[in-house]
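Participant: this is a predicted model, with the sequence first.
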Amino acid sequence: MTKLTWSSPKLTVRMLTITAILVAIQVVLSKISIGSDSLVKISLGFIATALVGYFLGPWLGGIALVLNDLIANTLLSTGSSFFIGFTFSAFISGIIAGAFLRNQPLSWQRLAIYELVQILVTNVFFTTLWIHVLYTTPFNTLLLVRLPKEIISWPIETFVIVVVLQAIAKHDFKLDRGY
């Protein structure tokens, strides 16, 4: 596997527009979900997170996911309360996605490792930690409940990400071109 990317595209009006579109896609796909916010939730937001990382890189991707979290949990809240820990997790998620996916070869191995790191860091560790902090549920108990879902979702999410990103790469969508 090659190196990670630590740069985002130059911030232009075009990139701001693309960022806004990707944030909107993230908001919509994250709202398509089943399950409880306070325990186990399955959504399509992982697709948009990968797109954000692919097109925006780690830093702009992290900011885009913070904006998504703020919009989804304030303006478009469906009863869940805002918690800054989840905003931090969103930023870390954007950094991970951008570092693994921006200007990198999209092999299934790389995407599987990206998805594994994303799941372990943000879903297994941070989300479980924030639920523990919010609801004072024992961390180990939460982990035992949440871990099977994450183990099952890893190959499924990897397959979906491979299909989506390789289709985009095949059509050579380079949104940061200067034209």
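Facilitator: Structure received.
Participant: now the spatially most central residue of the chain. Nearest residue, chain neighbours left out?
Facilitator: Computing the C-alpha centroid of the chain and ranking residues by CA atoms, centre = their mean puts Thr49 first, at 3.3 Å. In space, and not counting its chain neighbours, Thr49 is closest to Ala97: 5.2 Å by CB to CB, 6 or more residues apart in numbering. Quick note: C-beta positions are derived from backbone N, CA and C, even for glycine.
Participant: which elements pack onto the helix or strand where the one you found lies?
Facilitator: According to DSSP states H and E, Ala97 maps onto helix 84-101. On a contact count with 3 or more CB pairs under 8 Å, 6 or more residues apart in numbering; DSSP states H and E, helix 84-101 meets helix 45-70, helix 108-118, helix 128-135.
Participant: the longest helix anywhere in the chain: which residues count as buried?
Facilitator: Using DSSP state H, we find that the single longest helix of the chain is helix 139-170. Buried positions in helix 139-170, judged by neighbour count with 16 or more other CB atoms under 10 Å: 142, 146, 149-150, 153-154, 157-158, 160-162, 164-165, 168.
Participant: that one: how far from the chain's middle?
Facilitator: Computed by CA atoms, centre = their mean, to the nearest Å, the chain-centroid distance of helix 139-170 equals 11 Å.
Participant: go on, stretch 82-90?
Facilitator: With CA atoms, centre = their mean, you get 13 Å for stretch 82-90.
Participant: pLDDT of it, averaged?
Facilitator: Across stretch 82-90, pLDDT averages out at 94.
Participant: who touches that stretch?
Facilitator: Contact with stretch 82-90 is made by 62, 65-66, 68-70, 73-74, 122, 126-127, 129-130, 133-134, as judged by CB atoms under 8 Å, 6 or more residues apart in numbering.
Participant: for Phe46, which non-adjacent residue is closest in space?
Facilitator: Leaving aside its sequence neighbours, Phe46 sits nearest to Glu157 (CB to CB, 6+ apart; 5.1 Å).
Participant: ok, now which ones touch the nearest residue to Ala99 once chain neighbours are set aside?
Facilitator: Excluding the flanking residues, the one nearest Ala99 by CB to CB, 6+ apart is Leu4, at 4.1 Å. Leu4 makes contacts with 99-100, 104, as judged by CB under 8 Å, 6+ apart.
Participant: name the SS class of Leu4, please.
Facilitator: Under DSSP: H, G, I helix; E, B strand; the rest coil, the three-state class of Leu4 is coil.
Participant: poorly predicted segments of the protein, please.
Facilitator: Per-residue confidence for the chain (pLDDT under 70) gives these ranges: 1-2, 37-39, 78-80, 173-179.
Participant: tell me the one of the buried residues of helix 139-170 nearest Val28?
Facilitator: Comparing these against Val28 with CB to CB places Val164 closest, at 15.0 Å.
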